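> Please work out how this folds:
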Amino acid sequence: MAASKFHYPIVDVWANLPGLGAAIPEVARLFAYSHSDPEIANKKKTPEELIAIMDEAGVSQICLSAWSRPGQMIFSNAEVAQYTRAYPDRIFGLAAVDLHSPVEAVQELEHYVKKEGFVGLRVVPWLWNLPPTDAHYWPLFVKCVELDIPFLTQVGHTAPACPSEVGRPIPYIDTIALKFPDLKIIMGHIGYPWAAETVAVAWKHKNVYIDTSAWSPKYYAPEFIKFANTTGKDKVMFGTNFPQLGFKECVDNVQTHLVDKPNGFKEKVVKGFMGGNAVRVLKLPPVDLDSLRAKI
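Here you go, the predicted model:
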């Protein structure tokens, strides 16, 4: 693994399989605006190739998500399991399910958590045009509580040309956090243009967290940085939305734009943000960085 400027685990809690750009037409605009690497964004990679990309960036672990939309499994849980089986200490699955088939969805979630070691459920509301308060989610929330795994979801506007309303932190995340106080919720994408709402909801509810996926560190919302530096230091997590953004680009930009900078993170925040909080909340195994470096 390339020598990182960080001397602790780096965990990306919101990563996707290479090839996502070609698999979901709606994200083409987002990927173009983000100057995503087409070689990675539009082409599938083997587990070994994905690990090599992580190593180049000094990323020790990632949470890799399946993708489901109405009538189609874009990247199946079985596909993701091929990567988690290949590198069980470094790649961890996030399940995707068919919201329109709640019984089968609960069964599939339970199977992939109990049999394949997946560490969470992820649903992107704009693909379904259903906010998390919709009844289709609720059996899954009960199962997440039972399995003690988090629910990861996108908040904020959608770069794809789809309705953004379903991504509002208030009322949707606030409502389900009140209804399911033991459900761990990780809000992805910071929530722009409702970043203040995202922070307010995470501050209010003990089991609600924020990850930075889909945003380059140089563009993190000031409300998010202030929260991370104060009451939210244990509730913020690093994410990329790879392959929209590259692992190395985001890791390097944290160092360049946020560490020891006047409008950046305080030193006490960075270790938890880059990996410590994710390891705790998602119950990931500890990382032996010396051993990783020795193998590469």
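
> What about the closest residue in space to Ala159 that isn't next to it in sequence, how many residues nearby?
Nearest non-adjacent residue to Ala159, counting by C-beta to C-beta, 6 or more residues apart in numbering: Leu30, 3.7 Å away. C-beta: built from backbone N, CA, C; applies to glycine. Using other C-beta atoms under 10 Å, Leu30 has 17 neighbouring residues.

> Assign Leu30 to helix, strand or coil.
helix (DSSP: H, G, I helix; E, B strand; the rest coil).

> Run a quick check on it versus Trp215, I expect a contact.
No: in this structure Leu30 lies outside contact range of Trp215 using C-beta atoms under 8 Å: 11.5 Å.

> show me the contacts for the residue nearest to Ala159.
If a contact means C-beta atoms under 8 Å, 6 or more residues apart in numbering, then Leu30 has 159-160, 214, 244 as its contacts.

> Quickly note the distance from it to His157.
11 Å (C-beta to C-beta, to the nearest Å).

> follow-up on the earlier one: please name whichever of the contacts of Leu30 scores lowest on pLDDT.
Across the contacts of Leu30, the bottom pLDDT score, 79, is held by Pro160.

> so when I look at it, I'm seeing a helix, right?
No: counting by three-state DSSP, Pro160 falls outside a helix, being coil.

> Tell me how many other residues crowd it.
With neighbours defined by other C-beta under 10 Å, the count for Pro160 comes to 17.

> What of His7?
Residues near His7, counting by other C-beta under 10 Å, number 8.

> and if you look at Leu284?
The number of residues packed around Leu284, counting by other C-beta under 10 Å, is 20.

> so it makes contact with Phe92?
Yes: at 6.4 Å, Leu284 counts as touching Phe92 under the criterion of C-beta under 8 Å.

> Show me whatever sits in contact with both of those two.
Counting by C-beta under 8 Å, 6+ apart, the common neighbours of Leu284 and Phe92 are 61, 119.

> circling back to that earlier point, quickly note the distance from the residue nearest to Ala159 to Tyr172.
21 Å.

> circling back to that earlier point, so which of the contacts of Leu30 is the closest to Asn229?
Lowest distance from Asn229 to the contacts of Leu30 (C-beta to C-beta) belongs to Ala214, with 21.4 Å.
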